[in-house]
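Asks: Sequence first, predicted model second:
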Amino acid sequence: QVQLVESGGGLVQAGGSLRLSCVASARTFSRYAMGWFRQAPGKEREFVAAIRGSGGSTYYADSTKGRFTISRDNAKNAVYLQMNSLKPDDTAVYYCAAEPSLHFSIRVAGSYDYWGQGTQVTVSS
């Protein structure tokens, strides 16, 4: 069982930045691919970014590419999401997810076994 705890959400003005953190309880954290997803009210959960266990490969949604950066520190069992140039459309609850499989659909929420409780990000116009 892996527990994930997100932090770093908050209220920010459009154009501003936030950095989300997710700390995992996994013993072998480097085995897990990590993803960030978000869900706005009335909408489905959508992919934001993901990173492989080694940190060598990263993936982004078209809507976040160039503005968001995902990274990880395996020594700290942590994954981060640096969000720059935030827009009101980025407002959502952001979730961290973990998956130990090597071959899975990294952009698909249903592919992940473990989820955090979420952290609210609100971007005002």
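Replies: Looks like it came in fine.

Asks: Which residue lies nearest the spatial centre of the chain?
Replies: Nearest residue to the geometric centre of the chain (Cα atoms, centre = their mean): W36, 2.0 Å.

Asks: Next up, the contacts around that residue.
Replies: By Cβ atoms under 8 Å, 6 or more residues apart in numbering, the contact list for W36 reads L20, C22, V48, A49, A50, I70, V79, L81, Y94, Y95, C96, A97. Backbone N, C-alpha and C define where each C-beta goes, glycine included.

Asks: Repeat the analysis, applying 6 Å as the threshold.
Replies: Contacts here follow Cβ atoms under 6 Å, 6 or more residues apart in numbering; on that basis W36 touches V48, A49, L81.

Asks: now those in a markdown table, with pLDDT and secondary structure?
Replies: As requested, the contacts of W36 are exported to a markdown table (pLDDT from 0 to 100; DSSP: H, G, I helix; E, B strand; the rest coil):
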| residue | pLDDT | secondary structure |
| --- | --- | --- |
| V48 | 98 | strand |
| A49 | 98 | strand |
| L81 | 98 | strand |
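
Asks: now, which of these sits nearest R27?
Replies: Taking Cβ to Cβ as the measure, R27 lies nearest L81 of the contacts of W36, at 23.2 Å.

Asks: Which residue, other than its chain neighbours, is closest to that closest one?
Replies: L20 (4.2 Å; Cβ to Cβ, 6 or more residues apart in numbering).

Asks: these two touch, right, that neighbour and Q82?
Replies: No. Contact criterion Cβ atoms under 6 Å: L20 and Q82 do not qualify, at 8.1 Å.

Asks: so where is the chain shaky, pLDDT-wise?
Replies: Residue ranges of the chain with pLDDT under 70: none are present.

Asks: Quick one: neighbours of the residue nearest to L81, just the number.
Replies: 23 (other Cβ atoms under 10 Å).

Asks: Where does it sit, in terms of helix or strand?
Replies: Using DSSP states H and E, the element containing L20 is strand 18-24.

Asks: Pull the residues that contact stretch 17-29.
Replies: Here stretch 17-29 makes contact (Cβ under 6 Å, 6+ apart) with 2-8, 12, 32, 74, 77-84, 94, 96, 98, 116.

Asks: 8 Å instead?
Replies: Contacts of stretch 17-29 (Cβ under 8 Å, 6+ apart): 1-10, 12, 32, 34, 36, 53, 74, 76-86, 94, 96, 98, 114, 116, 119, 121.
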